[in-house]
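K.L.:
Compute the structure for the input listed below.
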Amino acid sequence: MVRRETWLGRALLAGVAAAIAAFGAGAAGNAGPAAPAALVPAPAAFQAPVASPAPTTSPAPATSPAPAAANDIPREWLTPAEAAGFEATPDYEETMAFLRRLAGRLPEMRLETFGRSAAGRPLPLVVVSRERAFTAAAARRLAKPIVLIQNGIHPGEIDGKDACLMILRDLALGRRRGLLDDATLLIVPIYNVDGHERISPYNRPNQDGPRRGMGFRTTAAGLDLNRDYVKVVSPEAQALVGLIAAWRPHLFVDNHVTDGVDHDWVLTWSWAEAPQLPAPVDAWMRARLPAALAATERAGHSTGPYVDLKDPVDPAKGFSSWVGEPRFSSGYFPLRNRPAVLVETLSYKPYAQRVLATRDFLLALLAEVGRDPTGLTGAVAAAEAATVAAGAPHAPPSDVAVNFEESTAADRIRLPLYAAETATSQVTGRPLLRYRRGEIRPIEVPWYHGSRATLTLPRPRGYLVMPGWPQIEQRLRVQGLRVEQLAEAAEIEVETMRLGPPHLAGAPYQGLIHTTADVTRRTERRRLPAGTLWVPADQPDFALAVQLLEPEAGDSLLSWGLLSTVWERKEYISPWVLEDQAAQLLQNPQLAADWQRALADPKLAGDPQARYLWWFQHTPYWDETVGLMPCFRLLAAPSFQTRPWAR
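P.N.:
Purely as a prediction, here's the structure:
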């Protein structure tokens with residue numbers, strides 16, 4: 001489950017207030033102007049307004065329904081979940097053993113690893129290619145899309161792993177072979193492998209199965225990998241992002257389970273729309289995703305957009321499906337000009353039902369890729385070309401979006417809620433919405449799924465990053481950005497970013513302290529040393545550099561507290577030394593007048609530390625790099641010489 005969060009809310013997650021808020025919270029993921037006629041339609045059954053909805057009855061499915069067509073699967077080829085009647089999901093070793101059996105039977109499949117977890121477990125990757133293009137270079141040479149399916153980023157939400165094992169098993173038995181005609185398939189069966197092995201039936205209190213237990217949400221170190229796509233603090237995220245940079249998949253699918261609200265939809269979905277997603281890619285999604293959802297419906301699974309209630313005790317206020325922050329996969333892949341589909345099955349449905357719905361949706365989505373493979377690859381290529389052209393040295397001026405938020409515009413949609421009543425919670429003393437499963441009472445509500453840019457800046461021709469900041473260098477390297485170095489020292493006119501005092505979050509989040517500050521930008525001529533990093537704007541993934549380096553960006557390295565030393569003073573001037581300096585400086589009439597104006601501020605006049613800093617900053621001993629971002633924006637075409645980055 002992806003949850004929308006605020007930094008203040010994170011500090012309250014341990015408290016009752018957050019527990020109440022989390023009851024109806026989920027997340028969101030997409031973007032784009034909310035022009036009603038132009039948005040991705042929900043299946044037709046969910047678009048019709050409901051004037052006077054009458055209750056209908058939805059029979060409760062069996063706890064462990066038999067998987068469709070499983071009766072013709074040889075018993076020795078049942079997946080571990082199928083063999084257990086969907087009462088259990090296989091652990092890491094059982095999963096790997098089954099995958100090794102499949103690889104031995106399916107020549108078009110290779111099982112490999114792409115890194116190690118913090119606890120040392122190999123991170124598994126399945127590559128399926130009719131041409132046996134088992135390397136990134138070989139697959140990218142093919143004129144066909146690459147699709148990456150990720151499972152188990154939250155291992156308690158493991159439906160996708162067992163769904164993918166069923167798909168791979170079918171391929172190994174000679175079924176569904178058409179899937180290999182028009183795409184190269186990458187599957188991460190378990191991403192958070194350490195959390196996957198922390199198995200307990202008590203890890204997901206709001207989830208119906210697998211009853212014998214499931215994994216835990218975070219890594220062994222307590223990190224949520226679904227907050228780590230940009231800052232890549234964890235070794236798992238560094239490995240995954242390295243995989244993404246190497247293979248450059250055209251479509252990404254992220255399988256989750258949600259528990260925010262109870263309704264009749266089994267599988268819900270979200271994706272980032274334009275303008276957050278480039279227009280050509282957005283057009284492909286609008287043309288293909290509805291067909292995949294319709295096929296999933298025909299297979300017997302009710303679907304709808306991801307539901308994050310605006311008010312956990314008043315569904316009539318509507319819900320959001322926007323999950324657009326770059327820390328999430330649904331907000332990260334648009335930075336790379338690619339679509340990401342967030343899949344969220346409903347935790348209150350039985351495990352078998354959720355797994356089968358996930359399997360059938362994945363099959364339907366892959367079938368749509370097969371119906372228009374060149375449309376997908378062409379859309380991504382067009383989006384990349386537009387980014388490169390906009391960042392060219394002599395391109396016309398343009399803006400770049402730094403931050404998005406959920407749009408206030410909404411469509412209307414029919415939400416098939418279960419009948420519910422509001423009571424006072426004896427636990428919290430606050431209102432509590434309780435559902436009566438099986439009796440559907442659909443209501444027409446606002447559906448928020450667009451986004452709007454909240455901060456845009458003039459697009460630079462690139463960034464110059466001072467040497468000696470390994471925390472920046474590591475992210476540029478892991479994200480696969482094109483980086484060069486100044487071949488020799490040069491005096492360059494740049495736009496600097498100077499920071500006001502830091503505002504620190506009141507509690508850590510993901511082990512870091514979130515930090516914000518006011519930013520003052522101005523043009524300066526600065527002499528930069530040889531070896532200064534140059535990150536040019538004419539590259540497909542430049543939006544990632546923007547997100548990392550612009551201090552106001554929601555997932556910037558500064559925002560995550562990874563550059564906080566910029567505010568720290570390392571030298572001290574004794575008060576008596578400063579007194580002598582002030583006496584000399586006061587001989588300058590202009591500075592003496594500035595001091596009198598400064599004293600007119602009662603706050604400064606009455607604060608000895610503020611007065612001390614005012615004078616210190618006017619001496620030649622002040623370190624002018626305090627509060628200065630260690631990267632600069634170049635707003636004109638570069639005229640300096642560069643060399644390859646010595647990594």
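
K.L.:
Val483 - nearest residue in space that isn't next to it in sequence?
P.N.:
In space, and not counting its chain neighbours, Val483 is closest to Trp645: 4.6 Å by CB to CB, 6 or more residues apart in numbering. The C-beta positions use only the backbone N, C-alpha and C, and glycine is treated the same way.

K.L.:
repeat for Asp228
P.N.:
Nearest residue to Asp228, sequence neighbours excluded (CB to CB, 6+ apart): Ala237, at 3.9 Å.

K.L.:
what about the helices in the stretch 451-600 of the chain?
P.N.:
Counting by DSSP state H, counting those that start in this stretch, the stretch 451-600 of the chain has helices at residues 470-478, 542-549, 575-585, 589-599.

K.L.:
Single out the most deeply packed of those helices.
P.N.:
helix 542-549 (a mean of 25; mean count of other CB atoms under 10 Å).

K.L.:
which residues sit in contact with the residue nearest to Asp228?
P.N.:
Shown in contact with Ala237 (CB atoms under 8 Å, 6 or more residues apart in numbering): Leu225, Asp228, Tyr229, Lys231.

K.L.:
could those go into CSV alongside pLDDT?
P.N.:
As requested, those are exported to CSV (pLDDT from 0 to 100):
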residue, pLDDT
Leu225, 98
Asp228, 98
Tyr229, 98
Lys231, 98
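
K.L.:
re earlier: for the residue nearest to Val483, give me the pLDDT.
P.N.:
We note a pLDDT of 96 for Trp645 in this prediction.

K.L.:
and Arg212, how far is that from Gly85?
P.N.:
Separation of Arg212 from Gly85 (CB to CB, to the nearest Å) stands at 10 Å.

K.L.:
Looking at the two now, which is surrounded by more residues?
P.N.:
Comparing Arg212 with Gly85 by neighbour count (other CB atoms under 10 Å), the higher total belongs to Gly85, at 17 against 12.

K.L.:
Of the helices of the stretch 451-600 of the chain, give the one that comes closest to Ser639.
P.N.:
helix 542-549 (19.8 Å; CB to CB).

K.L.:
Now do the strands in the stretch 451-600 of the chain.
P.N.:
451-458, 462-465, 484-486, 490-499, 503-504, 515-516, 519-528, 533-536 (DSSP state E, counting those that start in this stretch).

K.L.:
For the closest residue to Asp538 other than its chain neighbours, grab phi and psi.
P.N.:
For Asp538, ignoring the flanking residues on the chain, the nearest one in space by CB to CB, 6+ apart is Gly391 at 4.2 Å. Main-chain dihedrals, Gly391, degrees, to the nearest 10: phi -100, psi 10.

K.L.:
can you pull the pLDDT of Gly391?
P.N.:
Looking at Gly391, its pLDDT stands at 98.

K.L.:
Just give the number of residues close to it.
P.N.:
Neighbour number of Gly391 under other CB under 10 Å is 22.

K.L.:
Is it correct that it is in contact with Pro540?
P.N.:
No: between Gly391 and Pro540 there is no contact under CB atoms under 8 Å: 9.4 Å.

K.L.:
low-confidence ranges in this structure?
P.N.:
2-71 (pLDDT under 70).

K.L.:
Domain-wise, how is it divided?
P.N.:
15-388+397-452, 460-567+631-644, 575-617 (automatic domain parsing).

K.L.:
would you list the ones you listed in a markdown table and tack on distance to Thr625?
P.N.:
Listed next are those as a markdown table, based on distance: least, CB to CB, whole Å:
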| stretch | distance to Thr625 |
| --- | --- |
| domain 15-388+397-452 | 23 |
| domain 460-567+631-644 | 8 |
| domain 575-617 | 12 |
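
K.L.:
Of all the ones you listed, which one is nearest Met1?
P.N.:
Judging those by CB to CB, what sits closest to Met1 is domain 15-388+397-452, at 4.6 Å.

K.L.:
Just want the most central residue of this protein.
P.N.:
Phe328 (1.4 Å; CA atoms, centre = their mean).
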